[in-house]
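**Q** Okay, predicted coordinates and the sequence, questions at the end:
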Amino acid sequence: MSNFVRRIPEGPPGGDDRERLVCADCGYVAYENPKIVVGSVVVEEDRILLCRRAIEPRHGFWTLPAGYMELGETTEEGARREAWEEARARLELDGILAIYSIARIGQVQIIYRAHLSEPGIAAGPESLDVRFFAWKDIPWDEIAFPSVRWALNAWKAGHPGVAGNPVEDLRGVAGL
């Protein structure tokens, strides 16, 4: 088993300036980088697909079909896979809605606009329930994460390009 210590790796002047996990025996640097989350705002007849989480964090709260990318898949493939795993939904992606940088938890979230490519949804193993909600019926007090609210608001606003972190909501900033 390697003996990792947290320190600034040795290297050329002006090189790495952050503490990293470095093997004290061989000098191998174990980089810790942000995780990429992919998901979708799935809309059918002006109703939005939400999934009630069957897993932590935020068990029982509503979220978009989304989750961590896997190695060997594109962001599009990941978004479609997550929709299948959580809502048994087959999707057609309509472009990127938003990219959120959430430094405090080491995530970058890529959220697509989407619609069903085949009819039908059902709760997958990571969901207690899945439903389409009209805007006025969204359970806002039971939304799992701030970025879900951001994405829903970006969709509702008809954001013409790719939305980013709301400037008025500092929860994506490091240290908060």
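**A** Received the coordinates, thanks. Residues are numbered from 1 along each chain as shown.
**Q** how much space is there between the residue nearest the centre of the chain and Trp62?
**A** In the chain, the residue lying closest to the centroid (C-alpha atoms, centre = their mean) is Val37, at 3.2 Å. Separation of Val37 from Trp62 (C-beta to C-beta, to the nearest Å) stands at 16 Å. Quick note: C-beta positions are derived from backbone N, CA and C, even for glycine.
**Q** For Ser147, which three-state class applies?
**A** Three-state assignment for Ser147 (DSSP: H, G, I helix; E, B strand; the rest coil): helix.
**Q** can you tell me how far it sits from Gly120?
**A** The value you get for Ser147 to Gly120, if C-beta to C-beta is used, is 27 Å.
**Q** Go through the longest helix that the chain contains and flag the buried ones.
**A** Among the segments of the chain that qualify as a helix by DSSP state H, the longest is helix 75-87. Residues Thr75, Glu76, Gly78, Ala79, Arg80, Arg81, Glu82, Ala83, Glu85, Glu86, Ala87 are the ones in helix 75-87 that count as buried (16 or more other C-beta atoms under 10 Å).
**Q** now do stretch 24-40
**A** For stretch 24-40, by 16+ other C-beta under 10 Å, it's Val37, Val38, Gly39, Ser40.
**Q** And for stretch 141-156?
**A** Ile143, Ala144, Phe145, Ser147, Val148, Trp150, Ala151, Leu152, Ala154, Trp155.
**Q** Could you check how many residues crowd around Val162?
**A** Counted with other C-beta atoms under 10 Å, residues neighbouring Val162 total 13.
**Q** And the helices in this protein?
**A** For the chain, applying DSSP H gives helices covering 75-87, 146-156.
**Q** Outline the domain layout of this structure.
**A** Using automatic domain parsing, the domain parsing of the chain gives 1-32, 35-172.
**Q** starting at the chain centroid, how far to the first one?
**A** On the basis of C-alpha atoms, centre = their mean, to the nearest Å, domain 1-32 is displaced by 29 Å from the centre of the chain it belongs to.
**Q** what's the model's confidence in the longest helix of the chain, averaged?
**A** With pLDDT averaged residue by residue, helix 75-87 scores 98.
**Q** mind starting the numbering at 41 from now?
**A** Renumbered: residue one is now 41, and that last one reads helix 115-127.
**Q** All set now, cheers.
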